[in-house]
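everything below, folded, please.
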Amino acid sequence: MSPVALTTLGFRRGDATDVRAFQAGWALGPALDVDGLVGPKTTEAMELSVARLKAGQGSASRFFSFTELACECSYSDCRKIWVRRGLLKALDVLREKHYPGGLTIVSGCRCTRHNADVYRAKGQKPTDSIHIYGAAVDIPPTVPVASRASFTRSPRSRAHSYQRAFASPASAISEPGQSSRQTK
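Sure thing, here's the model as predicted:
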C-alpha cells in the first residue's frame, strides 16, 4: 500500500522518507509514530487519507490535503511534502473559526532552492523561512476582523503567512518577504 498510496496523496516517491513525512504530518486521528515503517496504524491512516481524497475531502487533516501544501518547484530532487501536524491542526482551527467558506493555501512547503527563488523573484535576499521546515503557509490577504490582530501587513505582499514554530514555544504570523526565522 505504501508507495501507491503515498504517490496518490501527492508524495513524490513513496519511499521511507515520504512515509516519515506522511506520519509526521497526518492529522486525521491520533499522531502516528514517525519511524518510516508502514505498520498497521500507518496503513490504516494511508487508507483513510486515500478514501477521503477520492471523496473530495482533506487527505492530511479535516480540511486540507497534502497536495495543497506541496512545494511548487520543478526541482527533481525536491521532497515535495513535509508539512507538520501541528500546522495542519492550527489551519483546521483557523479555517473552521474564520473561513467557513474555505481557505486557500497560496504556498506551503518550500524546498531551500524554491524558497530562495521566491525571495529573489521579489528582489529580496533569501531568508531561512520556516516554509522550508513545513511549518508555515501563505494564505490570501482577506482576513476576518476577528483575526486581524494576529496578522502583520505589508503593502508589498498579496498574501499573509500563517506560521507556527514547533521547535520553540513562539508562534507568529507574518507575510512573505519578511523574515520568518524564530529566535530562541
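
what comes up buried for stretch 74-86?
Buried residues in stretch 74-86, counted by 16 or more other C-beta atoms under 10 Å: Cys78, Arg79, Lys80, Ile81, Trp82, Val83, Arg84, Arg85, Gly86. For every residue, glycine as well, the C-beta is placed using N, CA and C.

and those residues as JSON lines, adding secondary structure?
Output for the buried residues of stretch 74-86, formatted as JSON lines (DSSP: H, G, I helix; E, B strand; the rest coil):
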{"residue": "Cys78", "secondary structure": "coil"}
{"residue": "Arg79", "secondary structure": "coil"}
{"residue": "Lys80", "secondary structure": "coil"}
{"residue": "Ile81", "secondary structure": "coil"}
{"residue": "Trp82", "secondary structure": "coil"}
{"residue": "Val83", "secondary structure": "coil"}
{"residue": "Arg84", "secondary structure": "coil"}
{"residue": "Arg85", "secondary structure": "helix"}
{"residue": "Gly86", "secondary structure": "helix"}
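
ok, of the residues you listed, which one's closest to Ile139?
Using C-beta to C-beta, Val83 comes nearest to Ile139 of the buried residues of stretch 74-86, at 14.2 Å.

could you report the separation of the closest one from Trp26?
9 Å (C-beta to C-beta, to the nearest Å).

what do you get for Leu94?
Separation of Leu94 from Trp26 (C-beta to C-beta) stands at 19 Å.

mind listing the helices for the chain?
2-8, 16-25, 40-54, 85-98, 112-121 (DSSP state H).

which stretch in these is the model least sure about?
Among the helices of the chain, helix 2-8 has the lowest mean pLDDT, at a mean of 84.

which residues touch that one?
13-15, 18-19, 22, 38, 42-43, 46-47, 49-50, 53 (C-beta atoms under 8 Å, 6 or more residues apart in numbering).

rebuild these as TSV, extending it with neighbour count.
TSV is the format used below for the contacts of helix 2-8 (neighbours: other C-beta atoms under 10 Å):
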residue	neighbour count
Arg13	13
Gly14	19
Asp15	15
Asp18	24
Val19	24
Phe22	30
Val38	20
Thr42	23
Thr43	13
Met46	24
Glu47	12
Ser49	24
Val50	17
Leu53	19
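
distance to Pro126 for those - can I get that in CSV?
Below are the contacts of helix 2-8 laid out as CSV (distance: C-beta to C-beta, whole Å):
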residue, distance to Pro126
Arg13, 26
Gly14, 30
Asp15, 28
Asp18, 26
Val19, 30
Phe22, 28
Val38, 36
Thr42, 35
Thr43, 39
Met46, 35
Glu47, 39
Ser49, 33
Val50, 36
Leu53, 33
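
out of the residues you listed, who's nearest Cys73?
Arg13 (15.5 Å).

much appreciated, bye for now.
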